[in-house]
Structures are given as structure tokens and as C-alpha cells.
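1. Curious how this folds, go ahead:
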Amino acid sequence: MTRLQLFACLLAPLLFMPPAQGTVYKVNAKMSTPEIQSKINRAVVGDTVDFAPGIYNLPSNGSNSNGAALRLAAGVTYTGPRSGAPARLVGTGRYPLMYFSGRRVTIEYLVFDNGPLFLENRVTNATIDNNVFTNIDCGSVASQTTAIFVAGGLNDSDISYNAFQNIGQTCNSQYQDKLGAGGIGLYGFHNLTITHNSFNTVYEGIGISISNSDEYDGAGGKINYNVFSGIHRMAIEILGTNTNPSGLEVAYNHYSNALLPWAYTFGFSLTAGQNMIVHDNVINANNNKPGYVPYAVEIAGINTRAYNNIIEGYWEWGFAIGNATNMSITNNYICGPAMAAHSPNQAAVSGNGKGFVSHESSPRPGTVVSGNTTSASLTCAPPEAKPQNSLRTTK
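-> Below you'll find the predicted structure:
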């Protein structure tokens, strides 16, 4: 064997060795908040902070941004148990349990109880999966009362398989339009996936306000396969301009059982952007009170398309079309006695009408309304025609 062959034989095992794993810093509920923060401060990119099962009472820390109990280091994974008893982080209300600013973070398998997760503007590569957010009351400051709050925009990130429950307790029992009390709130995005989350007994599910910033073009946005049950205000609200976002997909979401339905109980309000695609959603309002005036879908955005959605129950409006051009509302199932009373056919109604498909103002050029199946019945399509959601079990 030549020297070269011998060297190759010695080198080959090294080439196929798995990459070195980062350090795992273990924390437990017996540690004080400063002790846990000290472990986090030692972590570097590739490391993991592992929260053992238990109840972590984490008071607000005045030395951290926004009074957060813990400030997270970048490039680190923060994880709780994947099965069995959870790691429950318990806050004091109004202040974040965790604060993060920077690039790359993973937060998974944790329970956030009475305190939100706060992400700073321009956070990139955040993965927030398989967590539970619960017991966060409403208030006048959105950043203190939204389970996952982003101070600005979020880039190249994923928020999936989380459970949001019992958020906005006070507001959920009152007819008032309050800030916060939401599951997810942010102000812009690029390449953001929000999928397979469940929202149960929540004032507002997802709220996104868009600006015309070039930084947050809205490209690559997907809000898919989420389940909303017991929403008091809106499941999904997207506000902003006719420019951003671009190409957002809202699909395969399921909405039902509004909580204390009232005049601001909408299914979806999607009024920003261009080239938005809204399809294969089920928006059921069988428990709405007849005589209230909620929209199933308020929709706008240049070149927006809505198709193959099922809207049923006691909605006053099926689709309420906003002030945008070249919109297409086609091949949807839309049914309900209140809508039928206002609009016995599927034609668009000009000028603040109610019914299956209507305009909030005068119809804009290029709008197409065709092929929709409408009726006065409470349900529209056989169960096999309805989108199926496959939510992974969370704690």
C-alpha cells in the first residue's frame, strides 16, 4: 500500500463523522430567573437550552428589554420536553416571558402561561413550533397582550403547530374593540409560514398590519391549515396597502363556533396586498346570532383570487369586496338564510349591500364574480368536500 493510499484510508472515517453537537445547557424549575439567564448568556450558536419539566415562576426583569423575564441568545434552540409533563413558564402578566432580537432562534415544546413571547423588529430565521400559549388577558397595549408579538417585521420564519387558548379573557366577554388579546401579531413579513396552529377561546387569532416598506414585501407568505374555534373578534386580519404583501396564500383554514358573536366578529379580513390567493377555507357561523352584521370574508388587494371556499351559517355578508381592481371571486360555496334574504342570486351588489357577494363601495374595474354555488340553507357542501386539517398534538 502506498503512502497516499494509507493516508486515504486513515482520512475516510473522519470525512463521514457526524458534525459536532453544540453544548446542551440544562435548566430546571428550582433555578432562579438570574440563574436561568446566566445559562442562556453562556450559550452560543448551535447550543441548546433544555428546560426540564416543571413550573417556572418568571417575574418581570427590569434590566431586560420590555421587562421580559428572559432575554434569549441568538442561534440557540430553547426546548422543553417533547412528551410527558411540560415545562410551564409562568409570568406575572403584561410583561414578556421571553425577548429575542437578532438572527436565528428556535423555541419549541414550551408552555407560555400569563406572559407573551416578544420578538424585536427584523428578526430572521425564527422557528416557533409546538408551543402552548395560554392565560393572557387583553389590554390597551398590544405588545403586552399578544401571545407572539413582533415589534416590526419577521423574515424567513415559521410559526407552526402551536396552541393558543384562553387569550383575552376580559375582552372575550364584552362588546368592545381592543388592541392585543391576540394569538399572533406583527407588522410585516418576508417568507413567513403560519400553519397547523389551533386558536381556541381567543379574542383575535392572527393580526398583521402591513406597510409599504421594501424590507417586508410579503412574498412567500402562507397562512394555511389553522383551526379557529371560539374567536370573539376576527380569525385573520391583514391590514395595509395595495402593494404589500405580494402573493400571500390563505388556504385550508377552518373557522367555527364564534365566541359571543357581535358586529365585529368577522371570519377573515384580508384587505392588503396584491396577487393574494384565498382558497379551500371553511368559515362556519352556525352559532352566530341572526340579525348581527358580521362579514365572513372582507377582501381586497389587486389581482386577489378567492375560490373553492365554503362559507355557511348566519353571516350577513359572504364576501364583502373592498376597493381593489381585478379581483376574482369564483367557484365558492356560499349559503345562509341571512345572506339569501339580502341577495337571492350570486350577482355582485353595488354599494354597501349585504348578501352572498357584495361590494363595500362601487365595483372596481376587472372584478369577476362567477360560478359560485349559493343557497339559503345553513350548510353548503357534503363533509367530504370540506378541507381537512391535520393538527399535530401539542401540550
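2. Show the pLDDT at residue 316.
-> Per-residue confidence at residue 316 stands at 90 (pLDDT).
3. residues contacting it?
-> Neighbouring residues of residue 316 by CB atoms under 8 Å, 6 or more residues apart in numbering: 292, 293, 294, 295, 338, 339, 342, 354. Heads up, the C-betas are built off the backbone N, CA and C, glycines and all.
4. Out of those, flag the one nearest to residue 188.
-> Closest approach between the contacts of residue 316 and residue 188, by CB to CB: residue 295, at 24.1 Å.
5. hang on, the closest one packs against residue 264?
-> No: proximity of residue 295 to residue 264 does not meet the contact threshold set by CB atoms under 8 Å, at 9.9 Å.
6. The two: which is more packed in?
-> Neighbours per residue, other CB atoms under 10 Å: of residue 295 and residue 264, the larger number sits with residue 295, 24 against 17.
7. Pull the contacting residues for that one.
-> Residues 266, 267, 269, 315, 316, 317, 319, 320 are the ones in contact with residue 295 under the rule CB under 8 Å, 6+ apart.
8. Dump those residues to TSV, plus distance to residue 256.
-> Putting those into TSV (distance: CB to CB, whole Å) gives the following:
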residue	distance to residue 256
266	14
267	10
269	17
315	12
316	17
317	18
319	18
320	20
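9. Can you pick out the most distant pair from these?
-> Pairwise distances across the contacts of residue 295 peak at 14.4 Å for 269 and 316 (criterion: CB to CB).
10. Mind listing what's buried along the helix or strand hosting residue 171?
-> Element membership for residue 171 (DSSP states H and E) is helix 169-172. Neighbour-count burial for helix 169-172 flags 171, 172 (criterion: 16 or more other CB atoms under 10 Å).
11. what's in contact with the helix or strand following that helix?
-> Counting by DSSP H and E, the next helix or strand C-terminal to helix 169-172 is strand 182-186. The contact list for strand 182-186 (CB under 8 Å, 6+ apart) reads 133, 142, 145-150, 152-154, 159, 164, 167-168, 194, 197, 199, 202-209.
12. which of those residues are buried?
-> The neighbour count (16+ other CB under 10 Å) marks 133, 142, 145-150, 152-154, 159, 164, 167-168, 194, 197, 199, 202-208 as buried among those.
13. residue ranges with poor pLDDT in this protein?
-> Filtered on pLDDT under 70, the chain yields the residue ranges 1-20, 179-180, 212-214, 343-353, 382-395.
14. got the residue ranges for the helices in it?
-> Shown for the chain, the helices assigned by DSSP state H span residues 3-15, 33-42, 142-145, 169-172, 337-342.
15. centre of the chain versus the second one, how much separation?
-> Translated: helix 33-42. Average the C-alpha atoms of helix 33-42, do the same for its chain, and the two points are 30 Å apart (CA atoms, centre = their mean, to the nearest Å).
16. can you list contacts of that helix?
-> The contact list for helix 33-42, computed with CB under 8 Å, 6+ apart, reads 25-27, 31, 49, 56, 58-59, 61, 69-73, 76.
17. Of those residues, which is the nearest to residue 95?
-> When the contacts of helix 33-42 are ranked by distance to residue 95 (CB to CB), residue 69 comes first, at 7.1 Å.
18. Just give the closest residue to that closest one, not the sequence neighbours.
-> Sequence neighbours aside, residue 58 is the residue nearest to residue 69 in space, at 3.6 Å (criterion: CB to CB, 6 or more residues apart in numbering).
19. before we move on, what about residue 65?
-> Spatial nearest neighbour of residue 65, excluding adjacent residues (CB to CB, 6+ apart): residue 99 at 5.0 Å.
20. you'd agree the one you found is up against residue 72?
-> Yes: checked against CB under 8 Å, the pair residue 99 and residue 72 is within contact range at 6.8 Å.
21. re earlier: ok, so of the contacts of helix 33-42, who is nearest residue 245?
-> Distance ranking of the contacts of helix 33-42 against residue 245, using CB to CB, places residue 72 first at 27.0 Å.
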